[in-house]
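**Q** Kindly generate the corresponding structure for this input.
(one chain, ligands or ions: 1)
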Amino acid sequence: MQDAVSVSHGMRGYTAGKLWNIDTVAVLSRIGKVAAAMTAATLVEKFEVTHILFTGVAGSADFGVSVGDIVIAEALVQHDMDASPLFPRFEVPLTGLSHLPTDRDLSERLAGAARTFLDATSGPRLHRGLIGSGDQFIDDAVRLAALKDALPGLLAVEMEGAAVAQVCFELGIPFAVIRTISDNANENAATDFMHFVKTVASRYAFEIIKNFCHA
Ligand code: ADE
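**A** Got it, this is the predicted structure:
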């Protein structure tokens, strides 16, 4: 990042500067829905960002989605939201929505950036569709199967995206979410996750965001 200035706020380090000529604020969201919601709201309210891109890793929730593949969200759902019988299961109370849509233009540009990256590597594939977020690391095939049954079309599970989606929906901020698959959300998930984040994830994010900024 050029002309980078770092600010510490609320246990997070926000770094502002130019990323390939785009004014950017980069920050680690921390883990879980509350942490991600706080980070997203702070980006908007304190740092006055106008768009949000979320990058990270996820567990696969579909047999066609493999470790190393990329998933770009078309919509996100909070898979642990259940205020029934007051509201239907998964619906975020008082929004009328369970599936929170991402911004079409940002997601399209992100998909182009991911395709350029994947064309240069052989093997991994790009998927677009539904991502589920909850305050649970899923490492249990039975629990995953129950989520897949309840949420048709679910491609991946993680712990932040749908919280960022709710904040952006409520504040009117266009956003997109891209995840690299680090594990299969089964009994090996924790080991696979640690290995993947240490060795691969940041390279994916760096190359794709570089392509995104150059597009
Ligand atoms: N992020 C990466 N892998 C995950 C998993 N299996 N469950 C929840 N979040 C994840």
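**Q** same for the helix or strand of the chain with the lowest mean pLDDT, what does it pack against?
**A** Least confident helix or strand of the chain, by mean pLDDT, DSSP states H and E, is helix 189-199 with a mean of 89. For helix 189-199, the packing partners by 3 or more C-beta pairs under 8 Å, 6 or more residues apart in numbering; DSSP states H and E come out as strand 52-60, strand 175-183. All C-beta atoms are positioned from the backbone trio N, CA, C, and that covers glycine.
**Q** To the ligand, which of those strands lies closest?
**A** Minimum separation from the ligand across the helices and strands packed on helix 189-199 (C-beta to the nearest ligand atom) falls at strand 52-60, 2.7 Å.
**Q** which outside residues touch the longest helix anywhere in the chain?
**A** Assignment by DSSP state H gives helix 104-119 as the longest helix of the chain. With contacts defined as C-beta atoms under 8 Å, 6 or more residues apart in numbering, helix 104-119 is touched by 51, 53, 70, 72-74, 124-126, 128, 174-176, 178, 204, 207-212, 215.
**Q** For it, buried residues please.
**A** The neighbour-count check on helix 104-119 (16 or more other C-beta atoms under 10 Å) flags 106-107, 109-111, 113-114, 116-118 as buried.
**Q** How are the helices of this protein distributed by residue range?
**A** Under DSSP H, the chain gives helices at 33-45, 104-119, 141-150, 161-171, 189-199, 201-214.
**Q** Least confident of the ones you listed, on average?
**A** For these, mean pLDDT drops lowest on helix 189-199, to a mean of 89.
**Q** now could you export just the CA positions of that helix as CSV?
**A** Extracted in CSV, the C-alpha atoms of helix 189-199 (Å, rounded to 0.1, in the frame of the first residue of the first chain):
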residue,chain,number,x,y,z
ALA,A,189,-11.4,-29.1,9.0
ALA,A,190,-9.3,-27.5,11.7
THR,A,191,-6.0,-29.1,10.5
ASP,A,192,-6.8,-28.3,6.8
PHE,A,193,-7.8,-24.7,7.8
MET,A,194,-4.6,-24.0,9.7
HIS,A,195,-2.4,-25.4,6.9
PHE,A,196,-4.3,-23.5,4.2
VAL,A,197,-4.3,-20.1,5.9
LYS,A,198,-0.6,-20.3,6.6
THR,A,199,0.5,-21.4,3.1
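**Q** Is the ligand within reach of that helix?
**A** Yes. Helix 189-199 is in contact with the ligand by C-beta under 6 Å from any ligand atom, via 189, 193.
**Q** Give me the buried positions along that helix.
**A** For helix 189-199, a neighbour-count test (16+ other C-beta under 10 Å) marks 189, 192-193, 196 as buried.
**Q** Identify, out of the helices and strands packed on helix 189-199, the most deeply packed stretch.
**A** Burial of the helices and strands packed on helix 189-199 is given as mean neighbour count (mean count of other C-beta atoms under 10 Å); strand 175-183 ranks first at a mean of 27.
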